[in-house]
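> Take this sequence and fold it.
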Amino acid sequence: MIKIMLVDDSPAMLRLIEGLIKTEVELDIEVLSFQDASLAKAQFLSISPDVVITDIDMPNVTGYDLIEYIKSVANTPILAMSGSSFENNSTDTILHCSELYGADHQILKSDLAENFSSLVMEIITAITVKS
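Residues are numbered from 1 along each chain as shown. Below you'll find the predicted structure:
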């Protein structure tokens, strides 16, 4: 079974992504959803997920903070996603910055319907080939 930690402060986005995973990824997967990134960070080591999917723009503990922490303690693949823009920074810039913090993959929330499932399958395939 593949464990996916999903982190987003939007309950609607959590439901949408869980739905995409459950209907489009035809593998034995357990999705552990967190609306609070600080809670996800605190439970990361005990959960030991195979993949982390995280939003970037969240209150208190941002996706950047979470990515940086995870990469400091594990080599877990991370998919960063965003639909936000800050001041003069576009969503593409925000996702590029996630790479600098250690995210392995990025996706715009506007591309979830078209590209999410194939990207998640690509990540999972890479994990299963390694083990």
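
> From I53, how far off is R15?
14 Å (C-beta to C-beta, to the nearest Å). For glycine as for every other residue, the C-beta is placed from the backbone atoms N, C-alpha and C.

> who has more neighbours, these two?
I53 (26 against 12; other C-beta atoms under 10 Å).

> residues touching the more buried one, list them.
Residues in contact with I53 (C-beta atoms under 8 Å, 6 or more residues apart in numbering) are 4-7, 17, 78-79, 81, 120.

> possible to save those residues as JSON lines with distance to E24?
Formatted as JSON lines, the contacts of I53 follow (distance: C-beta to C-beta, whole Å):
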{"residue": "I4", "distance to E24": "13"}
{"residue": "M5", "distance to E24": "18"}
{"residue": "L6", "distance to E24": "14"}
{"residue": "V7", "distance to E24": "20"}
{"residue": "I17", "distance to E24": "11"}
{"residue": "I78", "distance to E24": "20"}
{"residue": "L79", "distance to E24": "15"}
{"residue": "M81", "distance to E24": "16"}
{"residue": "V120", "distance to E24": "8"}
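
> Please enumerate the helices of the protein.
Counting by DSSP state H, the chain has helices at residues 11-24, 37-47, 63-73, 91-101, 112-130.

> Among those, which comes closest to V31?
Closest to V31 of those, according to C-beta to C-beta: helix 11-24, at 5.2 Å.

> Low-confidence ranges, this structure, go.
84-96, 130-131 (pLDDT under 70).

> could you check the distance from V25 over to A42?
Applying C-beta to C-beta to V25 and A42 gives a distance of 27 Å.

> Which one of these two is surrounded by more residues?
V25 (18 against 13).

> Would you quantify the distance from that one to V129?
According to C-beta to C-beta, V25 and V129 sit 16 Å apart.

> same question, L32
Distance from L32 to V129, by C-beta to C-beta: 23 Å.

> Of these two, give the one with the bigger neighbour count.
L32 (14 against 7).

> That one: what's it in contact with?
Shown in contact with L32 (C-beta under 8 Å, 6+ apart): 3-6, 47, 49.

> same check, this time on D9
35-37, 55, 58-59.
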